[in-house]
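Enquirer: the sequence isn't on hand, but the structure is:
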């Protein structure tokens, strides 16, 4: 049984593991005040090309989102997210648990544009309603789509004009930035969003997400919030060592590029076999629409999520690739898919 | 300028004021432990025909909703409400501020039915999502519609089967129960919902809402929650005196019946003048659709909310009547409406 | 049975009731946007001698405290209060329920001085601890003591130097400002504290507290917080009418002066009878230490709180006077007290 | 520079690292539903000798405490802790941030006994105060003391009688259970407390704490709370693998025993050199009282916390040992200490 369920089925990239092994018996200060974390932060600032951002390392995505959003907002302020947004559907009301409403915007491709947000702003007119204050976007989105530089620039401009913070969930930022359709780099994010995080868990780290705070007014006392939410790791080095290894050269991007390449291979072959996709997703998640009988057969040797029923006989499935997906795994899957098709004809 | 903006434009019904005046210099214990409150509670229990409900008096609706819902739910549990629900749109995220998500259900008439709720339950499958636990309904709804006994029975049954608490916001319960289309009484609510409140503010009281907790598991320590939310009135007598006066005979229902009668009069005459309504609302809020030019003229002498644009030339407005609306106010409004129409032809 | 239990045993001063009666059938806008509230706010600003403060009317004290403090603090910030502080001991954890720790400072007289606060600041050194940010004081305090102008000036200076907001709970501010030992007036508060509230409930109003926000950075969007906490009264006029009546002349101060006078009378006579007091309280709460047998006798015709056991045979009781306490009530109590003493000798 | 600052200065015990390396490329389900976690849970249940406890793995201590306590309490309920309790002093108000007050009890040795708690219960009499509901203890405590079986039995009995949940923070449980003065084992905890966690971070794990819920009423929906607080690790295997390795034989206890042995060695030698200790701490934290001049010298080559000033010339320092402390490190420290003493005479 091989799994295309997600990009966190394995441990960490061997270089990460190796870095942990090598530093293991060294003594370091706790709580992220070690030299590994310092170096990792320094290198990240170079990649973002801004020395004035604040960077904090977290263990996981939900933790990062809830700590940041609750730190950034006053009690009466709300976040705005696409209806597919992770904070809306898959974080057990973590943001609401910190006291803030999340306003859901219906979109079809997981992305928010100014014209999607405008009506929500217009509908919130006075103190009988929450005050929308932060726009939450994901890149790549929960359904694999990515933002173009132009889209992000327009969104950024709109947010500034409307005094909204723009926050990007980068759980799969590596895959987004290494997509063939991408035209941005880390330094664009530093310029266009107020805060974002660079996801490690889903791109080769054992665990870890790097929060980057760009907007000055969001920086103050942030470590208090990290600690209060239970997110200040005693052995902060564990995160520092990993991000240092991921970014001291281009390992982070190499891994994401590989994941995308494997997804493209799957996409091309499935397309060639005559199937369509639920959405154009130029990243490491793809959503082919397959006959239910075919899906059933594939499930004998592969695990993946059935995303949604498309019509009585067909469903979209989600296939996720990662740094750990081998070309031979992909080829075997395609071979199986084709053999099932052939046997049915 | 006469206002049809809402049902809380005046002070209180003179009998209420009188009761306050007469008891004014009497000394009573604080925090709702006075004899007026005791008697009011006793009488309410008789009207509900259940001796085993717990009754607590509050000052206002948002306060009542947030205290009750946060007391009833555990941190991971969520409320479900129609998209027009007051807690969703007009309470500044008060429920979320206590940590709970409110799941919005799109409906056209302000009412929830089992088939509206079912998909939301089905979509919440595991611990990555909140657990829907309480269904919030309003009667009458925020757009004037009311529940029939049959509808409430089905909803109640559905909630029991799915281990959901059923909570009714009765800000305008008087108007609902005195509607010509109503077939329920207070005792039906005591049987069919787990908790509800009887709105006083919008039906003749100076201020005040009476919370009725029917389900045993929701009763424990409720006064702690009232106090913690800042809702335990030092001079609790102020609420007790009012509810005693409203319910020692049928004043509460007489006032609601009058408000409905005034709304019906408005409705019939507007209908006769050839206009339609946004929704069938057999209570004290009506939503006629009028030409914008006509609305503009009416606004010279009357205040009311413009509810929504219906087409380029017409809008729905909201007219609210109350215990304080006099027949002469209604007739004058109708006369003005007709004269504007005549002058335009 | 006559009660000296508190200063909210009766309804409202007749002039307040009268003002409510007279305005009763007038239509006004809701939510504090009526002309009574506007006028009340204007007059209060004149009394405070600052046109740039923001004033918001609330129903009760706990509600006011929790709304203000949660609006003023960021999630990691804490309030500091004397161990007798109302928010610490008698509000069911209302502040903590909004997410904020309240740091308790042991003092003997209910008052905070810079040297009491300093150690708490010194003990909170980094992000593993909350950040003290607001100093909560009461005037008069929960045990009847009051601040002198000099004390408040020093505290104000200390708070400014340490970037702490200074917040005054004025539930019994009237009694404090009308104490014979007082040397401040409302305008001093406007100058020395960042926010405070003027208590109405305990000084002749039916209900009501007037929140005054002096520090600019605390003003923004405050009405959102009021609404979110369920504290925005639909019939806001109810509060406006009362504060207008209390402050259009000096009724508020006249009532407080009367309450103090009654307390002084009690104090002098009890003192003359040979008893001591738990604390010097030059306001409308006094704490005589009486023999338990005497207390028992007095309880036959009077109700009051037994504050604390002082030694095996004596306890301190709390006697509270108000605008409604008549001299004859006080004289009768003293007569009874003396007759019990005489009968025992 | 060698550090005795804490027990999390190094990475993980080599066997833990090795287990991570060996399993690294294996695919497993996420969120703690992998076979490693399952096996770890099974083995822990055997050690606790109860098959009916629920076990959940967390990343860190503050996260564990806040998730558990907020899941266990209703909004009006409070925790009780010793004044040294970690949740009171070193978690940035994390518990308050979830809405709950923590009642502080002054004790001198970090431990709570029924007679310490009783006055707090007596002082909380009605709904104007929070309702104490959970007793938080640490074992070993934050100052190195440990509970005896008899003490815990009495505390457990007291809690049951007063309907209080008893919760044990076991960040350093290994050291407590392996202390020479200890007379309990894991199975006693399963019998005597309602929930506790077994700390991994401070005893050889890279990261990780194992929460054990014994009381049935605390178990329901616990995974929802974990996810909502951002504590549900995508790569849950990371925790499972570690706890499996720590408990598949007695590694966990071997490591704790070693840490204690190193602390005992330090203690004996410092004692022999003529110094006293702030507190009797039979675990891996010791608090010798040393002359300030000696401390200054030691700081040249060793890092440790200066705990508190004892008198003008002496301070207590904290020395912490761990699985990673080598006998040679201890001996070198003692040698240095003695040489400083000698040089001063």
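Expert: That came through fine. Just so it is clear, the model here is predicted, and its values are computed rather than measured.
Enquirer: show me which residues of chain A sit near chain B.
Expert: Contact residues (Cβ under 8 Å from any Cβ of the partner chain) of chain A with chain B: A:75-76, A:78, A:89-93, A:96-102, A:104, A:127-130. No exception for glycine: its C-beta is placed from N, CA and C like everyone else's.
Enquirer: looking at these, which are in strands?
Expert: In strands, defined here by DSSP state E, the members of those are A:78, A:102, A:104.
Enquirer: can you put these in JSON lines and add distance to residue D:114, pLDDT and neighbour count?
Expert: Formatted as JSON lines, these follow (distance: Cβ to Cβ, whole Å; pLDDT from 0 to 100; neighbours: other Cβ atoms under 10 Å in any protein chain shown):
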{"residue": "A:78", "distance to residue D:114": "46", "pLDDT": "98", "neighbour count": "24"}
{"residue": "A:102", "distance to residue D:114": "45", "pLDDT": "98", "neighbour count": "24"}
{"residue": "A:104", "distance to residue D:114": "50", "pLDDT": "98", "neighbour count": "17"}
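Enquirer: pick out whichever of those residues sits closest to residue C:59.
Expert: Of all those, residue A:78 has the smallest distance to residue C:59: 25.6 Å, by Cβ to Cβ.
Enquirer: tell me the contacts of the closest one?
Expert: By Cβ atoms under 8 Å, 6 or more residues apart in numbering or on different chains, residue A:78 lies in contact with A:100, A:101, A:102, A:103, A:124, A:130, A:131, A:132, A:133, A:134, B:93, B:96.
Enquirer: go on, residue A:223?
Expert: A:56, A:232, C:127.
Enquirer: in chain A, which helix or strand is least confident?
Expert: Here the helix or strand of chain A ranked lowest by mean pLDDT, DSSP states H and E is helix A:327-344, holding a mean of 92.
Enquirer: need the residues of the stretch 51-200 of chain A near chain C, please.
Expert: Near chain C, when you scan the stretch 51-200 of chain A using Cβ under 8 Å from any Cβ, you find A:70, A:71, A:74, A:75, A:76, A:98, A:99, A:127, A:128, A:130, A:131.
Enquirer: nearest to chain C: which residue in the stretch 51-200 of chain A?
Expert: Nearest residue of the stretch 51-200 of chain A to chain C, counting by Cβ to the nearest Cβ: residue A:76, 3.6 Å away.
Enquirer: ok, for that residue, nearest residue in space, not its chain neighbours?
Expert: Leaving aside its chain neighbours, residue A:76 sits nearest to residue C:224 (3.6 Å; criterion: Cβ to Cβ, 6 or more residues apart in numbering or on different chains).
Enquirer: please apply the same query to residue A:248.
Expert: Closest to residue A:248 by Cβ to Cβ, 6+ apart is residue A:43, at 6.1 Å.
Enquirer: the one you found sits in which helix or strand?
Expert: Assigned by DSSP states H and E, residue A:43 falls within helix A:35-48.
Enquirer: what is that helix packed up against?
Expert: If you count contacts as 3 or more Cβ pairs under 8 Å, 6 or more residues apart in numbering or on different chains; DSSP states H and E, helix A:35-48 packs onto strand A:54-58, helix A:186-192, strand A:209-213, helix A:237-247.
Enquirer: reformat these as JSON lines; add mean pLDDT.
Expert: Converted to JSON lines, the helices and strands packed on helix A:35-48 look like this (pLDDT from 0 to 100):
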{"stretch": "strand A:54-58", "mean pLDDT": "98"}
{"stretch": "helix A:186-192", "mean pLDDT": "97"}
{"stretch": "strand A:209-213", "mean pLDDT": "98"}
{"stretch": "helix A:237-247", "mean pLDDT": "98"}
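Enquirer: please work out which of the ones you listed is packed deepest.
Expert: helix A:237-247 (a mean of 27; mean count of other Cβ atoms under 10 Å in any protein chain shown).
Enquirer: who touches that one?
Expert: A:12, A:15-16, A:19-20, A:23, A:28, A:32, A:34-41, A:43-44, A:47, A:57-59, A:200, A:203-208, A:210, A:233, A:251-252, A:255, D:11, D:206-207.
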